[in-house]
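[1] generate a structure from the sequence data that follows.
(one chain, ligands or ions: 1)
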Amino acid sequence: MEELRSFRPGAIWPDSSGAHINAHGGGMLYQDGRYYWFGEKRAARRSEGINVYSSGDLYNWQYEGVALEPVEGDADHEIAWGCVMERPKVVFNEGTGKYVMWFHLELRGKGYSAARAAVAVSDTATGPYKFVKSFRPNGNMSRDMTLFKDEGGAVYHVFASRDNFDMRICQLSDDYLSPTDRDVVIHSDHREAPALFKHGGKYYLITSACSGWRANEARADTADSIWGPWSSEGNPARGPEAETTFGSQSTHVLPVAGREGAFIFMADRWKGHDLIDSRYIWLPVQFDDGGAFVEWVEEWDLSWFDK
Ligand code: GAL
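    A predicted model of the protein is given here:
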């Protein structure tokens, strides 16, 4: 494989073996100079667990294998084959030394009705992770989700609840394995696909509307405290195809390591009938008086942040 030196949003993204990266609805962990990209392993439709890739430069990705695989031979297991695992996010716990993965879990044969969050742990970044449990956090439905680790180490679970009408933020316990009662609804506007980041002391939350695999218009909300009040800044996408977020849906906003103020908007351009072939839309986040925004860039690299 030839070395990649740029991002090409929407193109096939070959890993170091030449195969299109299979890590949809992804999230990113940065640890000791390496990025770990966790995402949904998909067949054409089927959910096949959680994949993990690693990279030192964000362009070239090495496949590290299946971080969490569905369980074979026990149809009643919460993660039995046939279950759906979506939007995995991993954080490292300094106190316990464990890597903790949260993801959206739907039980085998139950469509999207279970609406659970699930937790798995590992002693190494790439796993394999060990399934711990699944539940509705504090009794609340939990579908599209992300994790956000704040300065100081507090981790928050951000998730679409009450049939996606509420967006909730719940602080996790010190070991990151459970929800706490610090749990609030931040808006009730029928949004999903949350991606949260912090810049200049301000929190930014990007979400999508709810239209399944079809792309729609994103929205950014900002707040000075994670507990709110949150206020809408409207659609962060600008320019042609801004009304469909360039044909994609948010999944994560990645702070580029060692580059103050450099963030990458990560989104999925889903192919609902051929999920494995869904594409990745990575774009630089820009800031001006109107807040944070993203514009389409055909091809770019990290030197973009030097200007
Ligand atoms: C979307 C959601 C995806 C997936 C899909 C299933 O609304 O953002 O993560 O759950 O629905 O149709």
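[2] for the stretch 51-200 of the chain, which segments are assigned as helices?
    Secondary structure of the stretch 51-200 of the chain by DSSP state H, counting those that start in this stretch: no helices are present.
[3] which residues of it lie near the ligand?
    86-87, 144, 192-193 (C-beta under 6 Å from any ligand atom). C-beta coordinates here come from the backbone N, C-alpha and C atoms, glycine included.
[4] make a ChimeraX selection of the buried ones in these.
    This is the ChimeraX syntax for the buried subset of these, where burial follows 16 or more other C-beta atoms under 10 Å:
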select :86,87,144,192,193
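[5] and the pLDDT at the closest residue to residue 44 other than its chain neighbours?
    Leaving aside its sequence neighbours, residue 44 sits nearest to residue 274 (C-beta to C-beta, 6 or more residues apart in numbering; 5.1 Å). You'll see residue 274 listed with a pLDDT of 98.
[6] quick check, nearest of the residues of the stretch 51-200 of the chain next to the ligand to residue 123?
    Distance to residue 123 across these (C-beta to C-beta) is lowest for residue 87, with 23.2 Å.
[7] what is the neighbour count of the residue in the stretch 151-300 of the chain positioned nearest to the ligand?
    Here the residue of the stretch 151-300 of the chain nearest the ligand is residue 212; by C-beta to the nearest ligand atom that distance is 4.1 Å. Residue 212: 11 surrounding residues under other C-beta atoms under 10 Å.
[8] again, but for the one 10 residues further on
    Burial measure for residue 222: 16 neighbouring residues, criterion other C-beta under 10 Å.
[9] now residue 289
    Residues within reach of residue 289, counting by other C-beta under 10 Å, total 4.
[10] quick one: low-confidence parts of the stretch 1-150 of the chain?
    Within the stretch 1-150 of the chain, no range satisfies pLDDT under 70.
[11] pretty sure residue 143 sits against residue 104.
    Yes: with contact defined as C-beta atoms under 8 Å, residue 143 reaches residue 104; the gap is 5.6 Å.
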